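A.B. asks: predicted model and sequence below, questions to follow.
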Amino acid sequence: MPKRTAAAAAISSFFQPALKKPKYEVPSEKSNHPTYPYPIPYLPTPFLDPLISAPATEGKPINDQPDLDLLSFQPFIPKSISDSLFEFLRQELFYYRVQYKINRFGTETTINTPRYTTVFGVDSTSFFNIDGKLHDSQLKVPCPLNKYKCKPRPIPQCLDMLKKVTEKAAGETFNFCLVNYYADGNDSISYHSDDEKFLGPNPAIASFSLGAPRDFLMKHKPIAASPTHSIQPEPKPLKFNLGPGEMILMRGPTQKNWLHSVPKRAGKESGHGRINITFRKALVRGGTENYYQYNVGSGDVFRWDEGRKKMVDWTGEWALEERIK
DNA sequence: GACTATAATAGAA
DNA sequence: ATTCTATTATAGT
């Protein structure tokens, strides 16, 4: 038997590449709650040490513009796990494609949210008791069943681990986790501010990027014209290309004065997919109702299909599992 | 720099 | 918190 040379091995592996090793092993322990379509695995244990060592780099302040206060981590999540963390969250979380109606100039239109979304958490007036039931934060007793129209979901262990290291680095506490999946350049979010009253006057929001890089645009809100000040030409938006593992903490006067967006993009990153995770703190009940209405809604459950490389409607499977119970 | 095709942006509804 | 379309910008040759 002649020796198999390195060159021969290289050629062989070119024609028959080694089986793709799984990016992570699914832990047997899972987070579960009656509001989940299915249990969510714990964070794979090999992710824990790298995650606890975060932030991977120190935060750079970006505050050289009026009313802007950002802290940018490039990256926050160690490179060694950012790719597999992306795969894990895309595969193991459930997502929604929310539809809602708005009234615009007297005409009602249906909006199909141009991205996949999901949300966990509850505002500060409630907390999840050890038994999984909502309790009143002040009275420490179970909440009235009609306190919420929606069904708040506890933050699963895997996202709570990330929340904890984020809180430590940001010097803030959070009670909500919103997750967005942008399947390709056609998924987007248009200019808006996270300036709802239920977040308080100077909300801190930590925003993570995983997977494919995407542009993130920020521009100052228009300054109203007044008799003493003529209308100024709008300054150019700031553009950040957010890569995997990056985190931007937006705080202080930022939300009150700036808009941000992830605009549609042609070609290029189609098929890669990007996950955005934001942590924030809702102070009152209205915040909970709002977030569940616009990020979960009442539609079908979607899950990543690794074979077909896309999100698929999982509602049928959910119904099947419910029948088995 | 000009010409063209494609992409990004801005405004209206 | 959107989409459509017109306009402007960018990239390739």
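C.D. replies: Ah, there it is. Residues are numbered from 1 along each chain as shown, chains lettered A, B, ... in the order given.
A.B. asks: tally of neighbours for the closest residue to DNA strand B within the stretch 1-150 of chain A?
C.D. replies: For the stretch 1-150 of chain A and DNA strand B, the shortest gap (C-beta to the nearest atom of the strand) falls at residue A:105, measuring 5.3 Å. Every C-beta, even on glycine, is put in place using the N, C-alpha and C of the backbone. The number of residues packed around residue A:105, counting by other C-beta atoms under 10 Å, is 5.
A.B. asks: now do the SS call for residue A:51.
C.D. replies: Here residue A:51 is helix, with the state taken from DSSP: H, G, I helix; E, B strand; the rest coil.
A.B. asks: wait, it sits on residue A:159?
C.D. replies: No - with contact defined as C-beta atoms under 8 Å, residue A:51 does not reach residue A:159; the gap is 11.3 Å.
A.B. asks: ok, those two, which is more surrounded?
C.D. replies: Neighbour comparison, residue A:51 and residue A:159: the larger count goes to residue A:159, with 22 against 19 (by other C-beta under 10 Å).
A.B. asks: give the contact list for the more buried one.
C.D. replies: Neighbouring residues of residue A:159 by C-beta atoms under 8 Å, 6 or more residues apart in numbering: A:120, A:177, A:179, A:277.
A.B. asks: which ones among these lie within strands?
C.D. replies: Those of those mapping onto strands are A:120, A:177, A:179, A:277, per DSSP state E.
A.B. asks: nearest to DNA strand B among these?
C.D. replies: residue A:277 (22.8 Å).
A.B. asks: for residue A:81, give its distance to residue A:47.
C.D. replies: In this view, residue A:81 and residue A:47 are 5 Å apart by C-beta to C-beta, to the nearest Å.
A.B. asks: who touches both of these two?
C.D. replies: By C-beta under 8 Å, 6+ apart, no residue touches both residue A:81 and residue A:47.
A.B. asks: got phi/psi on residue A:157?
C.D. replies: phi -50, psi -40 (degrees, to the nearest 10).
A.B. asks: just give me the neighbour total for it.
C.D. replies: Residues near residue A:157, counting by other C-beta under 10 Å: 15.
A.B. asks: distance of it relative to DNA strand C?
C.D. replies: 26 Å (C-beta to the nearest atom of the strand, to the nearest Å).
A.B. asks: quick check: pLDDT value at that residue.
C.D. replies: Looking at residue A:157, its pLDDT is 98.
A.B. asks: same deal with residue A:267?
C.D. replies: So, for residue A:267, pLDDT stands at 72.
A.B. asks: pretty sure it is in a strand, no?
C.D. replies: No - counting by three-state DSSP, one finds residue A:267 to be coil, located in no strand.
A.B. asks: OK, contacts around it?
C.D. replies: residue A:185 are the contacts of residue A:267 under C-beta under 8 Å, 6+ apart.
A.B. asks: burial count for the residue in the stretch 1-150 of chain A that DNA strand C sits nearest to?
C.D. replies: At 3.8 Å from DNA strand C, residue A:114 is the closest residue in the stretch 1-150 of chain A, using C-beta to the nearest atom of the strand. Neighbours of residue A:114 under the rule other C-beta under 10 Å: 15.
A.B. asks: can you pull out the helices in chain A?
C.D. replies: Assigned by DSSP state H, the helices in chain A fall at A:6-15, A:45-52, A:79-92, A:157-170, A:254-257, A:285-295, A:315-324.
A.B. asks: the first one - what's its average pLDDT?
C.D. replies: Right, the one you point to is helix A:6-15. What helix A:6-15 shows for mean pLDDT is 50.
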